[in-house]
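Participant: Using only what follows, build the 3D model:
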Amino acid sequence: MASELTKPFEEKMKKTLTALDSDYGTIRAGRANPHVLDKIMVEYYGTPTPLNQVGNITVPEPRLLQIQPWDASLLKAIEKAINMSELGINPNNDGKVIRLVFPELTEERRKELTKEVKKKAEASKVAIRNIRRDAMDVFKKSEKAKEITEDQLQDLEDETQKLTDKYVAEIEKKCDAKSKDILTV
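Facilitator: Below you'll find the predicted structure:
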């Protein structure tokens, strides 16, 4: 019974972790990673379309991304979208493909990125704790309405706390791994 009632809250916690992973994917760590382009939208026949759906993105070298649009007329639109993004890299357009050369990160920039990683981790932990609070509220209301017993309420609260601890530890692990990745020269 207990795990059935906590399941929707665990699902929300998993989604928080997934969101953190995708956020971390957009933070570049000195190496070219196609995921840094995930949030860039390109005007494609009047519709904002994700960059990875209008061309092929490859990593020919560790610090180089190459974008080969399926429609050559999109080169200018892709270049404009990259320039307007917060990527901070100037695209090189040779008429066939766009190349993004990632400069080596400075020590100062690495520290800034590490702070950003920690900030995102903290926001995720707050989200997990909010999910725990919502779960506890639901369980207490159920107990007041005599849908569950006091013992069941205690079991649900214990289980929810264990889930919270598990996901907060997972966030810590991901934060440490990403920070280490960024600080590795």
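Participant: Spell out the residue ranges of the helices in this protein.
Facilitator: For the chain, the helices defined by DSSP state H occupy 2-25, 75-84, 107-144, 150-183.
Participant: now the last one and helix 107-144, what's the angle there?
Facilitator: Translated: helix 150-183. With axes from the mean of the first three to the mean of the last three CA atoms, to 10 degrees as the basis, helix 150-183 and helix 107-144 are set at 170 degrees to each other.
Participant: helices or strands up against helix 150-183?
Facilitator: helix 2-25, helix 107-144 (3 or more CB pairs under 8 Å, 6 or more residues apart in numbering; DSSP states H and E). For glycine as for every other residue, the C-beta is placed from the backbone atoms N, C-alpha and C.
Participant: Using a markdown table, please lay out those together with mean pLDDT and mean neighbour count.
Facilitator: Conversion of those to a markdown table gives the following (pLDDT from 0 to 100; neighbours: other CB atoms under 10 Å):
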| stretch | mean pLDDT | mean neighbour count |
| --- | --- | --- |
| helix 2-25 | 87 | 16 |
| helix 107-144 | 91 | 16 |
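Participant: In a markdown table: the ones you listed, plus distance to residue 36.
Facilitator: As requested, these are exported to a markdown table (distance: least, CB to CB, whole Å):
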| stretch | distance to residue 36 |
| --- | --- |
| helix 2-25 | 8 |
| helix 107-144 | 12 |
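Participant: Tell me which of the ones you listed approaches residue 34 most closely.
Facilitator: Counting by CB to CB, residue 34 lies closest to helix 2-25 out of the helices and strands packed on helix 150-183; the figure is 9.0 Å.
Participant: helices or strands next to the closest one in the packing?
Facilitator: Short answer (3+ CB pairs under 8 Å, 6+ apart): helix 2-25 packs on helix 107-144, helix 150-183.
Participant: Distance to residue 54 for the ones you listed - can I get that in a markdown table?
Facilitator: As requested, these are exported to a markdown table (distance: least, CB to CB, whole Å):
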| stretch | distance to residue 54 |
| --- | --- |
| helix 107-144 | 28 |
| helix 150-183 | 28 |
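Participant: Quick check: phi and psi at residue 40.
Facilitator: phi -80, psi 130 (degrees, to the nearest 10).
Participant: burial of it, as a residue count?
Facilitator: 19 (other CB atoms under 10 Å).
Participant: What residue, apart from its backbone neighbours, is nearest it spatially?
Facilitator: Closest residue to residue 40 in three dimensions, ignoring its sequence neighbours and counting by CB to CB, 6 or more residues apart in numbering: residue 51, at 4.4 Å.
Participant: The one you found is in contact with residue 36, isn't it?
Facilitator: No: using CB atoms under 8 Å, residue 51 is not in contact with residue 36, being 10.2 Å away.
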